[in-house]
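> just need the structure, nothing else, for what follows:
(one chain, ligands or ions: 1)
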Amino acid sequence: MIKRRLKKAGNEFSKKELRAMIDSQNLPRHIAVIMDGNGRWAKKRMLPRVAGHRIGLESAIKIVRVASNLGVQVLTLYAFSAENWRRPPEEVGELMKLLVEYLRRELLDMQKNNVRFQAIGRISGLPGWVQEEIRWSTDQTKDNTGLLLNVALNYGSRLEIIDAVKGIVSDAQDNKIDIDNLDEETFSDYLYTKDVPDPDMLIRTSGEMRISNFLLWQLAYSELFIVPTLWPDFREKELLQAVIEYQKRERRFGTIGKIAQSK
Ligand code: FPP
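Presented below is the predicted three-dimensional model:
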């Protein structure tokens, strides 16, 4: 009994217990994730960096399933940034292969679980064989109505904002929009995430306190969760714990909040 209590004090709840602690009425609609720490995970084990990405892919697969089962509407995973091209070519090649492997391996499962796949970023900058696979998975899953899985590829948030500005200027020149009436909602419609609610929570693994050019506009009011776990070790329990933490937070969106109001 004492042992059991000590165990609980260490937050060692089982998956089943964690699942039962989640309030299904207060789920985050959109979870965004910076999957960081694959390289460090591999280094700790004296393995090549790509081994970390490979196990990181297994975490991504698991997290998609858990988010989908929980009833989350959107999951955005930062898989390859516009800056990641600066990595060694072998690593970049391996990340591209892993993405294609992911899409081929998981398509059936996405269909079974009603998951809709979509890629965000400058997709035209990816190799043709990767673009083809992305197009195929996007098309095959386009009518699914469950979780929207957004994978950010060749993605940079500043580039996204520049692309939005270009779209707005072009539509203004064609008299499709009136610049004087440009508001936040209209601006959002020009982002890659158009039609998607802003993230309610951002999870970043491996403890780095940075946003790294990810969803700069969309994260304005998101709850941030920086966890020390390296991405390959981030699985169901870690996601459930983050969602439970999210449900304890009071979201204020710039107001004074419930606690201050009652004083
Ligand atoms: C960051 O770790 C991780 C990446 C740049 C790649 C993430 C990709 C995957 C998990 C696999 C593919 C996933 C999908 C959804 C297809 P890092 O290499 O920067 O780690 P470090 O900071 O410890 O070096």
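> so Asn154 sits in a strand?
Yes: under DSSP: H, G, I helix; E, B strand; the rest coil, Asn154 falls within a strand.
> burial count for it?
Look at Asn154: counted by other CB atoms under 10 Å, it has 21 neighbours. In this view, the C-beta of every residue, glycine as well, is placed from N, C-alpha and C.
> write out the residues of the protein neighbouring the ligand.
Residues of the chain lying near the ligand by CB under 6 Å from any ligand atom: 35-40, 53, 56-57, 60, 77, 79, 84, 95, 98-99, 102, 151, 206, 231.
> give me the buried entries from those residues.
When the residues of the chain next to the ligand are checked for burial by 16 or more other CB atoms under 10 Å, the buried set is 35-40, 53, 56-57, 60, 77, 79, 84, 95, 98-99, 102, 151, 206, 231.
> which residue sits closest to the residue of the stretch 101-250 of the chain found nearest the ligand, ignoring its sequence neighbours?
Per CB to the nearest ligand atom, Tyr102 is where the stretch 101-250 of the chain lies closest to the ligand, at 3.9 Å. Computed as CB to CB, 6 or more residues apart in numbering, the closest residue to Tyr102 that is not its neighbour in sequence is Leu57, at 5.9 Å.
> now do the SS call for whichever residue of the stretch 1-150 of the chain sits closest to the ligand.
Among the residues of the stretch 1-150 of the chain, Gly39 lies closest to the ligand, at 2.4 Å counting by CB to the nearest ligand atom. Three-state assignment for Gly39 (three-state DSSP): helix.
> thinking again about what came up before, mind telling me what element the residue of the stretch 101-250 of the chain closest to the ligand is part of?
Assessed by DSSP states H and E, Tyr102 sits inside helix 89-112.
> need the contact partners of the helix or strand following that helix.
Downstream of helix 89-112, the first helix or strand assigned by DSSP H and E is strand 116-120. Here strand 116-120 makes contact (CB atoms under 8 Å, 6 or more residues apart in numbering) with 76, 103, 110, 134, 137-138, 141-153, 155, 160, 192-193.
> after strand 116-120 comes which helix or strand?
With DSSP H and E, the next secondary element past strand 116-120 is helix 128-140.
> elements contacting that next one?
Under the contact definition 3 or more CB pairs under 8 Å, 6 or more residues apart in numbering; DSSP states H and E, helix 128-140 sits against helix 89-112, strand 116-120.
> where does pLDDT dip in the protein?
1-11, 256, 258-263 (pLDDT under 70).
> can you give me the helices in it?
Ranges of helices within the chain are 2-9, 15-21, 38-44, 49-70, 89-112, 128-140, 157-173, 184-188, 236-248, 257-261, based on DSSP state H.
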